[in-house]
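1. Predicted model and sequence below, questions to follow.
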Amino acid sequence: MGRLTYGLRWLWIVVGVLVLSVGISYGINVFANLKTGGLDDTSAGSSKEAQLMLQSFPRSRVSLILLAKNPLGTIDQPSFRSAFQNLISAVETDSSKPSVTSYYTTGSPSFVSNDKKETFALIGVSGDQDSAYLRIKHLLSNASIPVQLGGPAASDYELNAEVARDLPKLGAISLPLLLILLLLIFRSPIAASLPLLIGAISVLGAFAITRIMTSFMDISVFAANIISLLGLGLAIDYSLLYVSRFRDELDAGQSVESAIRTSSTHAGAAIFLSGTTVALSLLGLLAFPQMFLRSMGVGGAVAVASAVAASLTILPAILSVIGKNVNRLMIPVPISRNLNRKSAWRTFGTFVVHWPVSVLFVTLGALFLAGSPFLHVKFANPGVDTLPSFFQSRQVADSITKDFPHSENPEIEILLTLPESPISSDGLATVISYANQLRELQNVVSVGGLTTPVSSRSESQLSAFYSQTANPEVQQIEKLYVSGSTTLLTLSYKGGSDDLSTQALVRAVRGVPIPDNSSVLVGGQTAELVDNLDSLGSHMPTAIAIIFATTFVVLLVMLSSVVIPIKAIILNTLSLSAAFGLMTWIFQEGHLHKLLQFTSSGSLDPTLPVLIFAIAFGLATDYEVFLVSRIKEEFDRTHDNTEAVIIGVEKTGGVITSAGLLLVVVVAAFGMSDILSMKEMGVGLAIAVAVDAAIVRTLLVPAAMQLFGPLNWWMPGKGELLEME
C-alpha cells in the first residue's frame, strides 16, 4: 500500500482536492436532508398506538402551540379576543389545513392561565411539519398581540437549526486549540497542519457520502455531530500515528520512499485494523430498530471509513511530496519534539512492569469506584425540559407548565378496538367492564372516556344516554372518544410519569385481559419509555455480541493471540463502566452543573449509554491496537516480554496520550453545546477517552501483559509457548 501510494502520490493529492471541493459545494448542505426524532421502536405498542391515534383521532395531533398574552388585561377583553381569533383565522388559511382548538372554541379552563392574562391554541397540521411551521410563523410575524409558537414541530425545527449552528461554533472553539496542541507535539507547523487537513477532508467527504445516503434512508440530524466528531477526531489520531512513525523513520536515516513504506507497513496496518474495528463496532448499532441509533451507526461508520481512507492514501501522498520538509520551520518550545522518545515513558513503563499487581489493584479500584453511581441510574426519554432555554418552544412549554392550572402527569392512553360500535349496547357493556378492571389497578386515580359519567349513571342509564344520537352532549363525547369501532380511554395515576411504579402500571394495564375479539394498544409518555427500555434491552445483547466479536476477530487476526482480545474486551468494558458512572454522577445527580452550564433532569436518555458504548468501545480498541501492535513488533524481534512491554509503552505512550488529549478536545467541544443530549454525549465520550488513554492503556494493559508473560501470545495450534521457541 505504501509503495502504491508513493508511486501515485500526485493522483491521490488530486483526489484530496476533489473531495474537499465536493464536500464544500455539496456535502456541507446535508443538514437539509436530515431528520429529527427517530428515538422510538416503530414496532412497539406505544408507536402503533400513536399511529392509530393520528388515524382515528386526527384532532389529537398537536404539531404547534400558539401562546398569546394580554399585557393590558385579561383574555376576556373583546379587543384581545378579536385579535386572537384573527390570528387563528389566519392560521386556518394555511395549506396544511390545520385543526385549531382553543378556549374560545371549547370554553375549557385548561386553556386559561392562572392570572387569566394568557391563553393558548393547539394546532394540528398535516404534511411537511417544517414547512408548515415556517409558514405559520410567518403568518404570525405581524401579530398585534404578544405571541410565541411552540410544540413538537417548532422544537424539531429549532433543534435541527441549532445542530447546524453548533458545528461551526464548536469548530471555532476546538480547531485553534487543536492547532496549538499539534504545534507543541510536532514543533513544526507543516507537520502540525497535516492532521487538521486530513480531518477536514474526512469530515467533508463523509458529509457528501451521507447526503447521497439520505436519498434512500432516513438519517438523524444528530448524525452530523457524530460524523464531525469521529471524522475529525480519528483523522487527527491516525495522522498523528502515521506522521510520528514517518518522522521516526526519517530520523533513522531512511529515504522518503522507504519511510513511507515502513510507516504504511506498521502504522498504516494499525490504522486500517483499528479503523475497521471502530467502524464495525458502530455498525453494531444496526441491531437496534430506532432510526436515531441506526443512522448514528451508519453515519459514524462512514466517518471512520473516510478517516481511514484519507490517512492511508492522501496523507502518505502529501508526505511523499513534502518529504523531509515535514520537519522544516521548527518552533523552539520546551517540549521534546518526539514525545515517543521521552525517557520518562521508559521510566514509567519500567515502573509498571515491576509493580504490576499494585498497579492493577489501585487502578481497578478507582474504576469500580467511578462506575458505582451507574448502579443507581434512572432513565427517561428526553422531554422539552432538555432543550435550550432560549428555544421559543421551550419557553412556551415552561409557561404552560408554570402558569396554567393543569399540572397533573400526562395520561396513559388506551385504544380499545371492538367488533362493534363502542356506544352500542354490547360495546358499551364491554367498555364499562374493561374500564372497571383498569380502576382496580394499583396507583390508578381515574379512568376517562365513555365511562367517565358511570359513577352518576347505571349501565342501563348510560346506554340510554348514548342512544340519544342527536344530543349535542353525546355528539361532543363521541367526537372526543370514539372513532368507528375504536374508543379512547385515558388513565391518570399517582406518582411521576418516569417513576418505576408508573412503568409497572403500564405493564399491569397491558396485562389486563383483553375483551373477546378485541384489541388494545397502550400509549403515552410512560408507555413510550417502557417500550424504549424494553426495545433497547432486547436488542442490546445482539449489538454487544457484534461489537465483542468484531474486536476479538480483528485483534486475533492482527496479533495471532487469543488472550489479548479477551483482555481487551474486559478492560474496555471496565473503562466504559467508569465513564457511565461519572456521567450519572454529573448529569443525573446534577454535579458540576454550574461549570458545564446545564440543568439536571434527574435522569439520563437511555439511548446515550448505548451510543457511547459503541463509539467508545471502538475508540478503546483503537488505542489497544496502537499499543499492543508495537509491543508485538518488539516481542517478535526479541522474544522478551518484559522488554517488549517497556518499549511498547516508551514508543507509544506519548502518541496514545497525545492522541487521547486531541480527541478529548474534539469531543469535549460538543460538551459545550446548548443541547443537553449533545452535552451529555460530548462529556461522556471525553471521560471515556481520557480514562482509556490515561489509565487503561498506560497502566492496566501493560500491567496485565506483564503478569501474563508469554501467555499473551498463546494461540491454539501454535505449539509451544513463544518463550520456548
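-> Yep, it's here.
2. so what does the helix or strand encompassing residue 522 touch, helix or strand wise?
-> Using DSSP states H and E, residue 522 sits in strand 519-523. Contact here means 3 or more CB pairs under 8 Å, 6 or more residues apart in numbering; DSSP states H and E; on that basis strand 519-523 packs against helix 45-56, strand 412-417, helix 500-511. Yep, even glycine has a C-beta here, placed from its N, CA and C like the rest.
3. mind listing what's buried in stretch 402-421?
-> Buried residues in stretch 402-421, counted by 16 or more other CB atoms under 10 Å: 403-404, 409, 411-418, 421.
4. Show me which of those is closest to residue 177.
-> residue 403 (42.9 Å; CB to CB).
5. wait, isn't that closest one in contact with residue 110?
-> No. Taking contacts as CB atoms under 8 Å, residue 403 lies outside contact range of residue 110: 11.9 Å.
6. Can you check which residues contact both of those two?
-> Overlap of the contact sets of residue 403 and residue 110 (by CB atoms under 8 Å, 6 or more residues apart in numbering) is empty.
7. one step back: how about CSV for the helices and strands packed on strand 519-523, with mean pLDDT and distance to residue 640 added?
-> Formatted as CSV, the helices and strands packed on strand 519-523 follow (pLDDT from 0 to 100; distance: least, CB to CB, whole Å):
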stretch, mean pLDDT, distance to residue 640
helix 45-56, 86, 59
strand 412-417, 92, 66
helix 500-511, 93, 56
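8. before we move on, the earlier item: going by distance to residue 329, which of the buried residues of stretch 402-421 wins?
-> Taking those together and measuring to residue 329 by CB to CB, the closest member is residue 403, at 62.4 Å.
9. show me what contacts the closest one?
-> 113-115, 118.
10. same question, residue 159
-> 36, 221, 387, 391, 675.
11. For residue 141, state which of the residues you listed is nearest.
-> Out of the contacts of residue 159, the member with the shortest distance to residue 141 (by CB to CB) is residue 391, at 17.9 Å.
12. how much space between that closest one and residue 35?
-> Between residue 391 and residue 35 the distance is 18 Å, computed by CB to CB, to the nearest Å.
13. still on that earlier bit, among the buried residues of stretch 402-421, find me the one that's closest to residue 106.
-> For the buried residues of stretch 402-421, the nearest to residue 106 is residue 404 (14.1 Å; CB to CB).
14. Show me the contact partners of the strand holding residue 522.
-> Strand 519-523 has contacts (CB under 8 Å, 6+ apart) with 45-46, 48-50, 52-53, 412-417, 506, 509-510, 512, 514.
15. cool, stretch 471-483 as well?
-> 56-57, 421-423, 449-450, 465-466, 468-469, 487-489.
16. Which SSE is immediately downstream of the lowest-mean-pLDDT helix or strand in the chain?
-> Between all helices and strands in the chain, the lowest mean by mean pLDDT, DSSP states H and E belongs to helix 459-466, at a mean of 73. Later in the chain than helix 459-466, the nearest helix or strand by DSSP H and E is helix 472-481.
17. Buried residues in the strand or helix carrying residue 365, which are they?
-> In this structure, residue 365 sits in helix 356-371 according to DSSP H and E. Neighbour counts over helix 356-371 (16+ other CB under 10 Å) mark 356, 359-360, 363-364, 367, 370-371 as buried.
18. I'd like these as a markdown table, with distance to residue 538 and pLDDT appended.
-> Shown next, in a markdown table, are these (distance: CB to CB, whole Å; pLDDT from 0 to 100):
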| residue | distance to residue 538 | pLDDT |
| --- | --- | --- |
| 356 | 40 | 89 |
| 359 | 39 | 89 |
| 360 | 35 | 89 |
| 363 | 34 | 91 |
| 364 | 31 | 91 |
| 367 | 28 | 91 |
| 370 | 28 | 92 |
| 371 | 24 | 92 |
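19. neighbours of residue 193, just the number please.
-> 15 (other CB atoms under 10 Å).
20. how much distance is there from stretch 393-411 to the middle of the chain?
-> Here stretch 393-411 shows a centroid-to-chain-centroid distance of 27 Å under the convention CA atoms, centre = their mean, to the nearest Å.
21. now stretch 558-576
-> Using CA atoms, centre = their mean, the offset of stretch 558-576 from its chain centre is 25 Å.
22. Sheet partners, orientation included, of the strand holding residue 522?
-> Note on strand 519-523: by DSSP bridges, its sheet partners are strand 412-417 (antiparallel).
23. which helices and strands sit right next to the helix or strand just after the partner strand?
-> Toward the C-terminal end, the helix or strand that comes next after strand 412-417 (DSSP H and E) is helix 425-439. When contacts are defined as 3+ CB pairs under 8 Å, 6+ apart, helix 425-439 sits against strand 412-417, strand 444-448, helix 459-466, strand 486-493.
24. ok, back up a step: what's the angle from the strand holding residue 522 to helix 45-56?
-> 100 degrees (axes from the mean of the first three to the mean of the last three CA atoms, to 10 degrees).
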